[in-house]
Each structure stands twice: as structure tokens, then as C-alpha cells.
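Mind folding the following:
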Amino acid sequence: MLTSIDRLLLVRGVPIFKELRDDFLVRLASIMNEVSYPTGKTIFAQGQEGRSLYIVVAGKVRVHLGDKDLAVLDKGTCFGEMSLFDAEPRSASVTTIAGCDCLVLTQQQLYEAIDETPDIAVNIIRLLSRRIRSQNIQLNELQASKQS
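Residues are numbered from 1 along each chain as shown. Just a heads-up that it's a prediction; the model follows:
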């Protein structure tokens, strides 16, 4: 189990939360559930309904579509945030590479937090925008290499 200070330090380091006040982060970190997953466990599968964001506390996960890896995430990174805002199924699967501990924030917890501190929504929008830009760059590079 993480101490309150460990939770605060971990949550503060996550890009979507880093610009928020410490008093808010303390509250947010304290309501997150801590969950452990063994090696090789699928945390969620592409197409599943989801309403939670995950922060990797320890271990590693792979974000993938079937056998194709999209990303490998480790301590201090988050995943699953898109499902907090839309009713769409998960866009990819996430499976542990090594035993993994995560903090989990549910949609209901987040909405209550946004009501209290709207800045969190702006930070999440920034993160999603950066990911879309990065994927657009990768797609453009792939298309350019195919045309060469």
C-alpha cells in the first residue's frame, strides 16, 4: 500500500494532473483505488466498455491492438483516460508485461473532481491533443515513406 505522500508524489508527476494545486491532488490521490495485476493480465480489452483512468505505480503494461504494440508504459504514466469522457468502447487493449500496481480513478470520481476544480479537464484535453498530434505525425511519416 502506498502512503499518502507516495500517492501525492505519483499523481503530481502525471502530466494531466501536474498543474493542479497540491490540496486538490491530495484529495484526488486519496480517493483512487489501488489495484494489483499479475504478469500477463489483460487489464482491459479493445472494445470493452470502460469508465476508469489508470496510473501505473509499479511494473509495466503494453498498450496494443492484437499483437501490435502501440506503447509500453511504466511508473508514473496513465492510460484509459479517453473512456472517462465518451461512451465509446476501449480503443486498445492493455496487458501487464510484469506484475503491475495501479491507482484507478473512476469516471464518477473524476466528474466530482472536475466540478470542484475545472482545470483538470483542461489538462486532460491537452494530453489527448498531444497524443492525437503525435499519432498524426506518425501517420504522415508512414504515408510519406510509402510514397517514396
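
rest of the way, CA atoms for contacts and neighbours
Fine.

Quickly note the distance from the residue positioned nearest the centre of the chain to residue 109.
For the chain, the residue whose C-alpha lies nearest the mean C-alpha position (CA atoms, centre = their mean) is residue 79; its distance is 2.0 Å. Counting by CA to CA, to the nearest Å, the gap between residue 79 and residue 109 amounts to 16 Å.

distance of the closest residue in space to residue 66 that isn't next to it in sequence from residue 63?
Closest residue to residue 66 apart from its sequence neighbours, by CA to CA, 6 or more residues apart in numbering: residue 93 at 7.7 Å. Computed with CA to CA, the distance linking residue 93 and residue 63 is 6 Å.

Residue 53 too?
The separation that residue 53 has from residue 63, given CA to CA, amounts to 14 Å.

Does residue 96 lie in a helix or a strand, and which?
Taking DSSP states H and E as the criterion, residue 96 maps to strand 93-106.

distance between the next helix or strand after that strand and the chain's centre?
Secondary structure here is assigned by DSSP H and E; on that basis, the next helix or strand after strand 93-106 toward the C-terminus is helix 107-116. The offset between the C-alpha centroid of helix 107-116 and the centroid of the whole chain comes to 16 Å, using CA atoms, centre = their mean, to the nearest Å.

Stretch 133-144 too?
Computed by CA atoms, centre = their mean, the chain-centroid distance of stretch 133-144 equals 22 Å.

Let me see the ranges of the strands in the chain.
Listed in chain order, the strands of the chain (DSSP state E) span 33-37, 42-44, 52-65, 68-73, 78-79, 93-106.

ranking the ones you listed by mean pLDDT, which is last?
Mean pLDDT across those is lowest at strand 78-79; the value there is a mean of 92.

Since that was my last question, I'll sign off now.
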